[in-house]
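Asks: Sequence and predicted structure are below.
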Amino acid sequence: MTNSNNEPRKRFLALDTSTAVLGVAVTGGGELLHEINASGERNHSVHLLPIIEQALQASATTAERIGGISVGIGPGSYTGTRIAVTAAKTLAWAWNVPVTGVSSLHALAWGGYHAASAQQKQGSITSPNGTAGTDWIIPLIDARRGQAYTAVFAADGDKPPRRLAPDAIRLMADWVQELAVRLKEAAAEGNLPDTLWFVGETALHGSVDMLAPLMEAANVQAVPYELEGRWTGFLAEAGLYEESGDLHTLIPNYTQLSEAEANLRRSSEGSLNTR
């Protein structure tokens, strides 16, 4: 009789292509076994499957050892997000394993905060003011036209950040004002965060001028960060997101119509109005 305790531990294959980074990781038991993050050229459809194969081979992971697949469902690039979701559903069906859709912004927040904390310990980032509150993490993915895909999370030590605001596409000027209101409310309740960490694509949306309305109320830090595949896997392992029992129900979180879809809808409405 086979002792189940001697069987190889099941692993997660994690995928995310919602940003310019193609992230693939193999995780198990909350540990990173192998990871490949290819940044730069947005040609994820060509490179995803070869990189998955490389990651599986490098971690000595066979299909039989995969216990589930985790995939970033966005928000982010429309085309990019569909690539990872489609690949995850196809592999899950072929391997007969569950698939878990994970917020790409949640993964970005956790990874960005981890990277920022490491830089802070090294002294390359200014120390917080010492208000002893829980840090807030605001992930940013550029959505063009002055907008960003963003949310708010509360840091929770080494655990996954806790969500404070939903994923959405927001005009950054309005978002900063909304965050300022949130800070006032937190201060009134005695829960003012120690630091606001803006992480991700901060070059466009994390400038001093953009974030100035927040700087009198809290310590504000903007840390550029590119998504790493491991955090998608860690979130799935943490059990914060439900497995999709029906693969057809797993869809990307676009948060708005794509430009092509919006143009098609306007065209259709125009055609109806002329009849």
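Replies: Okay, I see it. The model shown is predicted, which means the values in this text are computed figures rather than measured ones. Numbering: from 1, shown residues only.

Asks: okay, the residue nearest the centre of the chain: pLDDT?
Replies: In the chain, the residue lying closest to the centroid (C-alpha atoms, centre = their mean) is residue 104, at 2.3 Å. Residue 104 carries a pLDDT score of 98 in this model.

Asks: how close does it get to residue 217?
Replies: Taking C-beta to C-beta, to the nearest Å as the measure, residue 104 falls 28 Å from residue 217. In short, each C-beta sits where N, CA and C put it, glycine included.

Asks: try residue 244
Replies: To residue 217, residue 244 is 40 Å away according to C-beta to C-beta.

Asks: Give me the more crowded residue out of the two.
Replies: residue 244 (20 against 17; other C-beta atoms under 10 Å).

Asks: Skip the chain neighbours and tell me the closest residue to the more buried one.
Replies: residue 250 (4.3 Å; C-beta to C-beta, 6 or more residues apart in numbering).

Asks: tell me the contacts of the one you found?
Replies: Contact analysis of residue 250 by C-beta atoms under 8 Å, 6 or more residues apart in numbering lists 71, 73, 85, 88, 89, 99, 101, 244.

Asks: tell me the phi and psi of residue 156?
Replies: phi -140, psi 50 (degrees, to the nearest 10).

Asks: Could you look up the SS state of the residue nearest to it when sequence neighbours are not counted?
Replies: Closest residue to residue 156 apart from its sequence neighbours, by C-beta to C-beta, 6+ apart: residue 162 at 5.4 Å. The three-state label given to residue 162 by DSSP: H, G, I helix; E, B strand; the rest coil is strand.

Asks: Correct me if wrong: residue 162 contacts residue 153.
Replies: Yes: using C-beta atoms under 8 Å, residue 162 makes contact with residue 153 at a distance of 6.2 Å.

Asks: Could you check which of those two has the larger neighbour count?
Replies: Per other C-beta under 10 Å, whichever of residue 162 and residue 153 has more neighbours is residue 153, with 26 against 14.

Asks: Which helix or strand contains that one?
Replies: strand 147-156 (DSSP states H and E).

Asks: which ones are touching the closest residue to residue 99 other than its chain neighbours?
Replies: Nearest residue to residue 99, sequence neighbours excluded (C-beta to C-beta, 6+ apart): residue 92, at 4.0 Å. By C-beta under 8 Å, 6+ apart, the contact list for residue 92 reads 68, 69, 98, 99, 247.

Asks: so which strand or helix has residue 92?
Replies: Assigned by DSSP H and E, residue 92 belongs to helix 78-95.

Asks: domains of this structure?
Replies: 7-104+228-267, 106-224 (automatic domain parsing).

Asks: Quick one: low-confidence residue ranges for this protein.
Replies: Applying pLDDT under 70 to the chain picks out residues 1-9, 40-42, 124, 126-132, 256-275.

Asks: Now with 80, please.
Replies: 1-9, 40-42, 122-133, 245, 256-275 (pLDDT under 80).

Asks: Show me the helices in the stretch 101-250 of the chain, by range?
Replies: 104-121, 172-188, 202-205, 208-215, 230-237 (DSSP state H, counting those that start in this stretch).

Asks: Take the third one, keep the C-alpha atoms, and write them as CSV.
Replies: Below are the C-alpha coordinates for helix 202-205, written out as CSV (Å, rounded to 0.1, in the frame of the first residue of the first chain):
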residue,chain,number,x,y,z
THR,A,202,4.4,54.8,-11.3
ALA,A,203,6.3,56.7,-14.0
LEU,A,204,3.1,58.2,-15.4
HIS,A,205,0.9,58.3,-12.4
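
Asks: Many thanks, have a good one.
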